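Engineer: just to be clear, the model below is a prediction. Sequence and coordinates:
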Amino acid sequence: MKRNHVTRVFTISFIATIIMGLSLEANAKWTRTHAFDCKTLGGGPIDTSFALFNGHISQEMVALCAVSDDDRFLKQNITTLNVHGFDGHTSLRAGAMACRSLWSVTGGSCGSMAQSATFQENYTLRPSLSQWTSSTADFGYLWVRIPRLGAAMSSLRGYFTSD
């Protein structure tokens, strides 16, 4: 009887040690990226320490922003994408899309565009993430439209991702 008790205690202790040794904590990951890490096309980019502004009076500006994708933070696992900025135009909307460049050939595609709902307001856009989950080998990026100069300068402050 005593031997069964010792065996039981040993077995329970052994199992508890294995369970304690396993990493059971949740390891949520996130990135917060400033707009300075983006490349701009068109418009009149004005870099300040606060945001990336479009100072052009007649051209919209596009910001192309790389998305973190490494063995610790895979783009296909991203569940939250928030794009932050200011829409200073009275009739044009800021917009953002999650996009991908194909790894095997020149080309790519973007998901549906999220647009600012109001004008002359701070915005948080949440574009569809479908392009980042459809192919793990492709390169993910963010496409952001920044309206031309209106009542105020429109801007992109940055973006947030989390899994």
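Structural biologist: Great, that's in hand.
Engineer: where does pLDDT dip in the protein?
Structural biologist: Filtered on pLDDT under 70, the chain yields the residue ranges 1-28.
Engineer: tell me where it has helices.
Structural biologist: Under the criterion DSSP state H, the chain contains helices at 2-21, 130-134.
Engineer: what comes up buried for the last one?
Structural biologist: The reference is to helix 130-134. For helix 130-134, a neighbour-count test (16 or more other C-beta atoms under 10 Å) marks 131-133 as buried. From N, CA and C alone the C-beta is placed, and that goes for glycine too.
Engineer: okay, those residues in CSV with distance to Ser155 next?
Structural biologist: Compiled in CSV, the buried residues of helix 130-134 are given as follows (distance: C-beta to C-beta, whole Å):
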residue, distance to Ser155
Gln131, 24
Trp132, 24
Thr133, 29
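Engineer: which of those lies closest to Phe36?
Structural biologist: Looking at these and their distance to Phe36, the nearest is Trp132, at 22.2 Å (C-beta to C-beta).
Engineer: for the closest one, give me its contacts.
Structural biologist: 67, 75-76, 78, 98, 100, 140 (C-beta atoms under 8 Å, 6 or more residues apart in numbering).
Engineer: for PyMOL, what selects the buried ones among those residues?
Structural biologist: Listed next is the PyMOL selection for buried residues among the contacts of Trp132, using 16+ other C-beta under 10 Å:
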select buried, resi 67+75+78+98+100+140
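Engineer: now distance to Gly150 too, for the contacts of Trp132, in JSON lines please.
Structural biologist: Shown next, in JSON lines, are those (distance: C-beta to C-beta, whole Å):
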{"residue": "Val67", "distance to Gly150": "29"}
{"residue": "Lys75", "distance to Gly150": "33"}
{"residue": "Gln76", "distance to Gly150": "37"}
{"residue": "Ile78", "distance to Gly150": "32"}
{"residue": "Ala98", "distance to Gly150": "26"}
{"residue": "Arg100", "distance to Gly150": "31"}
{"residue": "Gly140", "distance to Gly150": "30"}
